[in-house]
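Trainee: Okay, predicted coordinates and the sequence, questions at the end:
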Amino acid sequence: MTTFDSHAHFPSETIAEHEAQIARARAAGLAGILAVGGGESLDEGAVTMARRFPGYVFLALGLDRDCAATLAETPSALKKTMADLRSRISALNDEGIPLHAIGETGLDFSRKPTELEKEAQIALFEAQLELAEELGLPCTIHSRDAENATLASIERHGSRVLRARGRLGVIHCFTGGKEFADAAIALGLHIGVSGIFTFNNASDLRGTVRTLPRERLLVETDCPYLTPVPMRGKPNEPAMLVHTATRLARELGSTPEEIGAITTANAMRLFSPENA
Ligand SMILES: [Zn+2]
């Protein structure tokens, strides 16, 4: 089966292990992988992999909610933080390494942030939605315990042009309910199905995903986290995506080949329309 891992991390500390993972991903039929940054170590690893495997490992760079912690103390730093990200992106462009998405970015209120910290997360997220519009790129969006705030930011700052083209982005590692999924779809977003979908306690999530339009579904590992059943206990890697895609196919009453082909085409249209 062909699949596309729409959200993988390659932390720079473990970069030596990742080359072998790419060989296993190819052997498992993966058509490509989006290597996702979000902070220093994740960005460095993602760039290393995109450089090493051009045309197979696609690159996403951004600033995740953890980067917002320092901004809560000094809000004036947002401008400089965004300028730094812009200059890193343009340096890579000059080097011939294209960016395929912004992220990960988004909101996480699960660890009970203060109001100030929430505001900093929102400001950082909205600045990246604007950068995405400027660069014509989709966002890979994290949202946990912050559904309404996520939707409000996207409504205010998500690009109308990208929305019209179906390239606004994806709520990655989706764990929300039907209402959030429908609202995200109505905004033009995709839904990222991760290994969580295979967990025993995820029947509500499976029920929600079954109701969504197939042309908006992506599959992802979010490796090295969230190893799918039946590989629990091992570190996750892109090759293990086949377990998630196979389970998704079963839930949708389809074949792994068909769901693999649909989710691959969806990912290519979103991240690399010139190759779709
Ligand atoms: Zn992630």
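Mentor: Sure thing, it's come through. Numbers count the residues shown, from 1 in each chain.
Trainee: does residue 233 sit in a helix, a strand or a coil?
Mentor: For residue 233, the assignment made with DSSP: H, G, I helix; E, B strand; the rest coil gives coil.
Trainee: ok, now which ones touch it?
Mentor: residue 227 (C-beta atoms under 8 Å, 6 or more residues apart in numbering). From N, CA and C alone the C-beta is placed, and that goes for glycine too.
Trainee: do you know how far it is from residue 195?
Mentor: Distance check for residue 233 against residue 195: by C-beta to C-beta, to the nearest Å, it reads 12 Å.
Trainee: which neighbours do those two share?
Mentor: Common neighbours of residue 233 and residue 195, using C-beta under 8 Å, 6+ apart, are residue 227.
Trainee: How about residue 228: what's its closest non-neighbour residue?
Mentor: Counting by C-beta to C-beta, 6 or more residues apart in numbering, residue 228 lies nearest to residue 195, which is 3.5 Å off, once chain neighbours are set aside.
Trainee: Just give me the neighbour total for the one you found.
Mentor: Each residue near residue 195 was counted by other C-beta atoms under 10 Å, and the total is 26.
Trainee: Am I right that it is in contact with residue 240?
Mentor: Yes: contact criterion C-beta atoms under 8 Å: residue 195 and residue 240 qualify, at 7.4 Å.
Trainee: that older thread, find me the pLDDT at the residue nearest to residue 228, would you?
Mentor: As predicted, residue 195 sits at a pLDDT of 98.
Trainee: Residue 19 touches residue 52, doesn't it?
Mentor: Yes: between residue 19 and residue 52 a contact is recorded at 7.3 Å, counting by C-beta under 8 Å.
Trainee: contacting residues around residue 250?
Mentor: Contact analysis of residue 250 by C-beta under 8 Å, 6+ apart lists nothing.
Trainee: and the helix or strand hosting it, how far out from the chain's middle?
Mentor: Per DSSP states H and E: residue 250 is located in helix 241-251. Here helix 241-251 is found 18 Å from its chain centre; the criterion is C-alpha atoms, centre = their mean, to the nearest Å.
Trainee: And stretch 126-145, by the same measure?
Mentor: Relative to its chain's centre, stretch 126-145 lies at 10 Å (C-alpha atoms, centre = their mean).
Trainee: Endpoint to endpoint, it covers what distance?
Mentor: One end of stretch 126-145 sits 17 Å from the other (C-alpha to C-alpha, to the nearest Å).
Trainee: tell me the average confidence for it?
Mentor: 97.
Trainee: picking up where we left off before, state the next helix or strand along the chain beyond the helix holding residue 250.
Mentor: helix 256-271.
Trainee: Now do the buried residues in that following helix.
Mentor: 256, 259-260, 262-264, 266-271 (16 or more other C-beta atoms under 10 Å).
Trainee: quick one: which of these is nearest residue 73?
Mentor: Comparing these against residue 73 with C-beta to C-beta places residue 271 closest, at 34.1 Å.
Trainee: Torsion angles phi and psi at the closest residue to that closest one other than its chain neighbours?
Mentor: The shortest distance from residue 271 to any non-neighbouring residue, by C-beta to C-beta, 6+ apart, is to residue 100 (4.4 Å). Note on residue 100: its backbone torsions stand at phi -110, psi -10 [degrees, to the nearest 10].
Trainee: And for residue 100, the neighbour number?
Mentor: Neighbour tally, residue 100, other C-beta under 10 Å: 20.
Trainee: and it, what does it touch?
Mentor: Per C-beta under 8 Å, 6+ apart, neighbours of residue 100: 34, 58-60, 137, 271-272.
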